[in-house]
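> Sequence first, predicted coordinates after that:
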Amino acid sequence: MSYVTWAVLGIMLLIGEIFTLDFSLSCVGLGFLVAALMAYLGFSINIQLITVCVVLLTLFFTLRPFVLKHLARKQEYKSNIDALVGTKHNFYALSEDKKHAKIKIDGDVWEAESATPLTNGKPVKVAKVEGATLIIKQEE
């Protein structure tokens with residue numbers, strides 16, 4: 001194969017990596033680019049194929065796990081209702097039994113329940129979310 005064919009295939013695979021992001025197409029693409037270099041230098045097709053295999057397998061089993069490990073660092077980002085748990089708020093309406101309240105969070109009004117009676121003026125902490133109801137605890 002000509003070095004142009006190897007190079008075009010290698011570049012296409014590197015571009016394809018943008019859509020997969022698992023670093024496997026990059027390993028193959030880089031192997032093809034090294035084979036393009038070997039073809040440019042005049043080595044035979046057998047040497048080119050062996051080079052592709054060696055580079056591909058080397059990258060796949062050494063560099064790929066290292067890259068995936070560092071790219072996949074898990075960071076806890078809470079969003080939506082999960083982000084409400086643990087936050088502190090003040091309620092603006094309290095029921096007669098003092099166990100139900102209304103809390104306004106970012107413009108949204110939430111129904112809230114407490115296992116113990118609530119006291120006016122003390123902030124509450126969201127313990128968990130059940131459906132559209134916040135389970136709260138009074139801060140002490």
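All right, it came through fine.
> Centre of this structure to the edge, which residue is at the far end?
With distances taken from the mean C-alpha point of the chain and given as CA atoms, centre = their mean, the most distant residue is E96, at 44.8 Å.
> So which bits of stretch 23-40 are buried?
23-39 (16 or more other CB atoms under 10 Å). Quick note: C-beta positions are derived from backbone N, CA and C, even for glycine.
> Check stretch 120-138 too.
124, 126, 129, 134, 136.
> on that earlier part again, distance of the residue farthest from the centre of the chain from P117?
As judged by CB to CB, to the nearest Å, E96 and P117 stand 11 Å apart.
> Return the distance of stretch 10-27 from the chain's centre.
In terms of CA atoms, centre = their mean, to the nearest Å, the gap separating the centre of stretch 10-27 from the centre of its chain is 19 Å.
> What of stretch 58-77?
A distance of 13 Å separates the C-alpha centroid of stretch 58-77 from that of its chain, computed with CA atoms, centre = their mean.
> A7 - nearest residue in space that isn't next to it in sequence?
Take A7 and drop its neighbours on the chain: the residue closest to it by CB to CB, 6 or more residues apart in numbering is A36, 4.0 Å away.
> Thought L13 was touching that neighbour, still the case?
No. With contacts counted by CB atoms under 8 Å, A36 stays clear of L13, the gap being 11.9 Å.
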